[in-house]
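following is a predicted model, sequence given first.
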Amino acid sequence: MSMERTFVKDTLNKVGQSVTLKGWVDNKRDFGKLTFIDLRDFSGKIQLVGFQKMADLGIQDAIVITGTVKERGEKTINPELETGKIEVDVQEYSVLAKAATPPFDITKEELDLELPTLLDNRSLTLRHPKVQAIFKVQSTIVSAFRDFLKGKGFFEFQAPTIVPEIAEGGSEVFEVDYFGRKAYLTQSPQLYKQIAMSAFERVFSVNKVFRAEPSVTTRHITELVSLDAEMAFIESWTDITDLEDECVKYMLHEVETKCAKELKMYQATIPSTIDKTPVLSLTEAQQKILDKTGRDPRGEKDLNPEDERDICKIIKEETGSDLVFIYGYPTKQKPFYVYPNPENPEFNEGVDLLCRGVEWSSGGRRVSDYAQLLNQVEEWKMDPSKITLFLEAFKYGVPPEGGFALGLERLTMQILGLGNIREASMFPRDMERVDLKLADKS
């Protein structure tokens with residue numbers, strides 16, 4: 001079997017020809033002298049018609065076969081497969097790697113496993129089509145984010161993971177013993193994004209970030225992927241919402257166009273959008289919640305989860321949009337680098353994007369004036385010596401600027417309607433899991 005390998009997707013153009021295929025035994029059906037095998041490679045699945053000896057093959061065995069591509073009879077066409085009108089008559093085969101017997105039926109359309117079992121067996125469950133669908137959607141989200149911003153002249157960079165100070169504030173950080181000194185795992189590439197912006201004007205990054213949240217909710221993990229963008233020479237914070245609005249809609253369109261099969265597996269629909277995503281101040285959002293529900297969140301410094309669900313529902317009913325931007329938070333509610341509203345400094349020009357009752361992103365205009373930045377560092381009681389590299393950039397002419405950050409796992413979870421964010425992380429980490437469930441402390 002020394003023929004050049006053919007990928008499954010390319011067999012459609014090779015009816016009547018001999019091909020060599022490599023892949024995994026995805027399923028098997030024995031009928032006496034004939035054995036039917038579903039062979040899977042990265043590009044798709046195809047039915048093999050094999051001889052009796054192939055009945056000895058196990059599920060997930062890696063094999064190589066040579067055979068002839070032929071059209072199926074009309075009554076045996078499988079409309080669920082892209083290759084459902086053809087099959088391959090096997091002439092010879094060989095086993096490249098034997099698989100142990102899976103601990104559960106990996107051939108079922110629905111795995112129906114408890115989440116801990118699904119994650120404990122990640123190396124196997126990743127081979128299931130419905131699990132793979134999650135990460136095909138996720139890959140499309142990342143590709144679309146990159147493609148959109150590159151099309152706008154943005155430059156991709158990689159931010160560090162180990163940082164000397166935490167820009168976001170708070171205590172939910174992972175401290176690292178860095179050669180006898182204190183350092184942290186980053187919560188955000190924000191400061192480095194702004195440094196890079198000061199040189200390249202338009203930048204973005206796809207970064208791992210870390211949150212030491214002692215939480216086992218369905219919405220929190222300790223390691224996640226942040227999709228970040230930053231842009232100089234803005235006129236207003238609305239330049240950022242306009243950019244993000246266009247970016248998110250492009251990402252959703254790409255998923256809808258390229259992942260129709262994956263969306264169908266989850267009976268998922270892409271969030272509804274309108275030409276201009278609604279933009280509300282925090283105060284306006286709180287007033288709408290009071291008017292529509294009778295519940296009064298006015299005076300609160302942020303929207304709680306119930307508020308987020310309510311305002312998204314209200315906006316969907318009023319406008320048809322699943323997306324809504326919320327701006328005008330109390331200044332101290334956001335990090336030190338967020339720009340205060342010049343007309344009312346008690347509120348800032350930070351903006352959050354909500355969708356289907358969940359926050360998707362945060363962003364807005366940043367402080368770019370060096371003296372003002374030093375004042376805010378002092379007000380937030382931060383040590384300027386620990387962010388020297390960041391502050392230095394603003395000594396040398398940084399124009400008005402801003403940006404946004406989207407959580408990749410949260411987007412994936414929301415688009416597919418997953419019940420737990422851990423399903424949207426290929427190798428999730430939380431306070432109870434690093435690969436496998438951690439042993440109880442004793």
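The structure has been received and is ready for your questions.

switch to C-alpha atoms for all contacts and neighbour counts from now on
Noted.

helices or strands next to the lengthiest strand in the chain in the packing?
Among the elements of type strand in the chain, defined by DSSP state E, the one spanning the most residues is strand 18-31. Using 3 or more C-alpha pairs under 8 Å, 6 or more residues apart in numbering; DSSP states H and E as the contact test, the elements touching strand 18-31 are strand 34-41, strand 62-71.

swap the cut-off to 10 Å and go again
Other helices and strands packing on strand 18-31, by 3 or more C-alpha pairs under 10 Å, 6 or more residues apart in numbering; DSSP states H and E, are strand 34-41, strand 44-51, strand 62-71, strand 86-97.

and these as TSV, adding distance to Leu111 and mean neighbour count?
Converted to TSV, the helices and strands packed on strand 18-31 look like this (distance: least, C-alpha to C-alpha, whole Å; neighbours: other C-alpha atoms under 10 Å):
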stretch	distance to Leu111	mean neighbour count
strand 34-41	18	20
strand 44-51	19	21
strand 62-71	21	20
strand 86-97	24	18
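
now render those strands as a markdown table, adding mean pLDDT.
Formatted as a markdown table, these follow (pLDDT from 0 to 100):
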| stretch | mean pLDDT |
| --- | --- |
| strand 34-41 | 96 |
| strand 44-51 | 96 |
| strand 62-71 | 98 |
| strand 86-97 | 97 |
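
for these, which one sits closest to Arg146?
Nearest to Arg146, of all the helices and strands packed on strand 18-31, is strand 44-51, at 25.5 Å by C-alpha to C-alpha.

quick one: strands adjacent to the closest one?
Taking DSSP bridges as the criterion, strand 44-51 pairs within the sheet with strand 34-41 (antiparallel), strand 86-97 (parallel).

quick check: which of those is nearest to Ile63?
Using C-alpha to C-alpha as the criterion, the shortest distance between Ile63 and the strands paired with strand 44-51 is 4.5 Å, found for strand 86-97.

would you mind measuring from Phe145 to Val255?
Taking C-alpha to C-alpha, to the nearest Å as the measure, Phe145 falls 11 Å from Val255.

which residues are common contacts for those two?
Taking C-alpha atoms under 10 Å, 6 or more residues apart in numbering as the contact rule, the neighbours common to Phe145 and Val255 are Ser139.

helices or strands up against the worst-scoring helix or strand of the chain on mean pLDDT?
Lowest mean confidence among the helices and strands of the chain (mean pLDDT, DSSP states H and E): strand 436-437, at a mean of 88. Here strand 436-437 is seen to pack against helix 115-120, strand 429-430 when contacts are counted using 3+ C-alpha pairs under 10 Å, 6+ apart.

list the contacts of Ala62.
The neighbourhood of Ala62, defined by C-alpha under 10 Å, 6+ apart, consists of 22-26, 39-41, 94-99.

swap the cut-off to 7 Å and go again
Going by C-alpha atoms under 7 Å, 6 or more residues apart in numbering, Ala62 touches 23-25, 95-98.

now do the end-to-end distance for stretch 94-110.
Between the opening and closing residues of stretch 94-110 we find a distance of 30 Å, counting by C-alpha to C-alpha.

other SSEs contacting whichever strand or helix holds Lys292?
Lys292 is part of helix 282-293 when elements are defined by DSSP states H and E. Where contact means 3 or more C-alpha pairs under 7 Å, 6 or more residues apart in numbering; DSSP states H and E, helix 282-293 is packed against helix 305-319.

what's the angle from the helix it packs on to helix 282-293?
Computed by axes from the mean of the first three to the mean of the last three C-alpha atoms, to 10 degrees, the angle separating helix 305-319 from helix 282-293 equals 80 degrees.

on that earlier part again, redo the helices and strands packed on strand 18-31 as a markdown table? Include distance to Thr269.
What follows is the helices and strands packed on strand 18-31, written out as a markdown table (distance: least, C-alpha to C-alpha, whole Å):
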| stretch | distance to Thr269 |
| --- | --- |
| strand 34-41 | 27 |
| strand 44-51 | 23 |
| strand 62-71 | 34 |
| strand 86-97 | 31 |
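
does Ala393 count as helix, strand or coil?
helix (DSSP: H, G, I helix; E, B strand; the rest coil).

got the CA positions of stretch 4-22 in CSV?
In CSV, the C-alpha atoms belonging to stretch 4-22 read as follows (Å, rounded to 0.1, in the frame of the first residue of the first chain):
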residue,chain,number,x,y,z
GLU,A,4,-0.2,8.4,-2.2
ARG,A,5,-2.8,9.0,0.6
THR,A,6,-6.2,10.4,-0.4
PHE,A,7,-8.2,12.4,2.2
VAL,A,8,-11.8,11.3,2.7
LYS,A,9,-13.2,14.6,1.4
ASP,A,10,-11.4,14.1,-1.9
THR,A,11,-12.9,10.7,-2.7
LEU,A,12,-16.0,12.4,-4.2
ASN,A,13,-13.9,13.2,-7.3
LYS,A,14,-12.4,9.7,-7.6
VAL,A,15,-15.3,7.4,-8.4
GLY,A,16,-14.0,4.3,-10.2
GLN,A,17,-10.4,5.0,-9.1
SER,A,18,-8.2,3.2,-6.6
VAL,A,19,-7.4,5.1,-3.4
THR,A,20,-5.4,4.7,-0.2
LEU,A,21,-7.1,6.1,2.9
LYS,A,22,-5.9,6.5,6.5
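
quick check: closest non-adjacent residue to Met231.
With sequence-adjacent residues excluded and distances taken as C-alpha to C-alpha, 6 or more residues apart in numbering, Met231 is closest to Arg202, at 4.6 Å.

give the contact list for the one you found.
The neighbours of Arg202, taking C-alpha under 7 Å, 6+ apart as the test, are 153-155, 230-232.

just the ones of those in strands?
When DSSP E is applied, the contacts of Arg202 are split such that 155, 230-232 fall in strands.

just to revisit the earlier point, from Asp435, how far out is the residue nearest to Met231?
Noted for Arg202: a distance of 36 Å to Asp435, by C-alpha to C-alpha.

kindly report the same for Ile221.
As it turns out, when the distance is counted by C-alpha to C-alpha, Ile221 lies 13 Å from Asp435.

and for Pro102?
Counting by C-alpha to C-alpha, the gap between Pro102 and Asp435 amounts to 19 Å.

picking that back up, now the strands paired with strand 44-51 in JSON lines, with distance to Gly402?
Formatted as JSON lines, the entries for these read as follows, by distance: least, C-alpha to C-alpha, whole Å:
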{"stretch": "strand 34-41", "distance to Gly402": "43"}
{"stretch": "strand 86-97", "distance to Gly402": "52"}
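
many thanks, we can stop here.
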